[in-house]
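Peer 1: Would you be able to build a 3D model of this:
(one chain, ligands or ions: 1)
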Amino acid sequence: MRVLVITGAGVSAESGIPTFRGKDGYWRNLDPAKLATPEAFARDPKLVWEWYRERRQRICNAQPNAAHAAIAKLAQHANEFLLVTQNVDDLHVRAGMPKEKMVQIHGNIFITRCSRCDFSQKDYKHEHEQEHEHEHEHEHEKEDQDVDLPRCPECNALMRPGVVWFGEQLPWNELQRVESYLDRGSCDLVIVAGTTATFGYIIDWALRASRDGGELIEVNPEETPLSQFATQLVREPAAVAMPQIVDQIIGS
Ligand code: OAD
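Peer 2: Residues are numbered from 1 along each chain as shown. As a prediction, the model looks like this:
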């Protein structure tokens, strides 16, 4: 069986990570869709970093839920499998998903990269970030506006989170991995879970993968632009629906 699974913020919702477009997504009364932009970072990098630091911390404290575990189980049983996640958290990996079977198409929140050159580093722990900030504070004691803002050790430009912001291109290598999986053949099963499917490429990948009569299951309590194309609609939270779907598939 050849499988494609596409996930969005709804899959991590039951782990306590707020979605982007739901009412819980607002942070200090600010719309995340307006914070996750190059323009917001240019205008107020400190504010944008504060939001990402809080999200990192929340993710560190969160645990993968039953949906993450079910998807990892499906990956083990399918002959060919790819997970394309729009989520920048590490909950799929912590649930046991092998990295070679997944693509984080919107990046990884625990990577910090330079906004100018190619330098990047992994920041796994919030504590580590704080150490980094304190070192930095000493370096720039008089530059109040720079306190808390990490700078590139190579070129001294501002560092930014390693995620894709609105209006930015998708990472080339990750995009190629998705394209080559789709080019190699159609899928028997496509599951799209917990995403508003706002981006055209999400719908495009789901339709291309299921083009030869494959099953296209949408798991989402709400209707989305993809719903009209699905062969099966599951209007339930992912942590409830995914274990049932996976058990049915593996059992059959
Ligand atoms: P959104 O916040 O847009 O949508 C979350 C979706 O999950 C909605 O359709 C909800 O109905 C659904 N949902 C909520 N709780 C759920 C649950 N327990 N189980 C299943 N579904 C549930 O998140 P995404 O679609 O992932 O990109 O957003 C896509 C991208 O927009 C993000 O990756 C991010 C954002 O801007 C960038 O930052 C580039």
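Peer 1: can you give me the strands for the stretch 51-200 of the chain?
Peer 2: 80-85, 102-104, 107-114, 120-122, 159-163, 189-193 (DSSP state E, counting those that start in this stretch).
Peer 1: rank those by pLDDT, which is bottom?
Peer 2: If you rank the strands of the stretch 51-200 of the chain by mean pLDDT, strand 120-122 sits at the bottom with a mean of 93.
Peer 1: which other helices and strands contact that one?
Peer 2: Helices and strands touching strand 120-122, by 3 or more CB pairs under 8 Å, 6 or more residues apart in numbering; DSSP states H and E, are strand 107-114. Using the backbone N, CA and C atoms, a C-beta is placed for each residue, glycine as well.
Peer 1: now, of the strands of the stretch 51-200 of the chain, which is deepest in the fold?
Peer 2: strand 189-193 (a mean of 26; mean count of other CB atoms under 10 Å).
Peer 1: gap between that one and the chain center?
Peer 2: 16 Å (CA atoms, centre = their mean, to the nearest Å).
Peer 1: which parts of the helix or strand just after it are buried?
Peer 2: Next helix or strand after strand 189-193 toward the C-terminus (DSSP states H and E): helix 200-209. For helix 200-209, burial by neighbour count (16 or more other CB atoms under 10 Å) applies to 202-203, 205-206, 208-209.
Peer 1: for stretch 162-173, same thing?
Peer 2: 162-165, 170-171.
Peer 1: which ones are touching I111?
Peer 2: For I111, the contact set (CB atoms under 8 Å, 6 or more residues apart in numbering) comprises 120-123, 161-162.
Peer 1: Identify the spatial nearest neighbour of it, chain neighbours not counted.
Peer 2: Spatial nearest neighbour of I111, chain neighbours left out: G162 (2.9 Å); criterion: CB to CB, 6 or more residues apart in numbering.
Peer 1: distance of that neighbour from L91?
Peer 2: Noted for G162: a distance of 17 Å to L91, by CB to CB, to the nearest Å.
Peer 1: now do P150
Peer 2: 24 Å.
Peer 1: And R184, by the same measure?
Peer 2: 27 Å.
Peer 1: Between these two, point out the one with more neighbours.
Peer 2: Set R184 next to L91 and count neighbours by other CB atoms under 10 Å: L91 wins out with 22 against 10.
Peer 1: ok, that one touching S15?
Peer 2: Yes: counting by CB atoms under 8 Å, L91 touches S15, with 5.8 Å between them.
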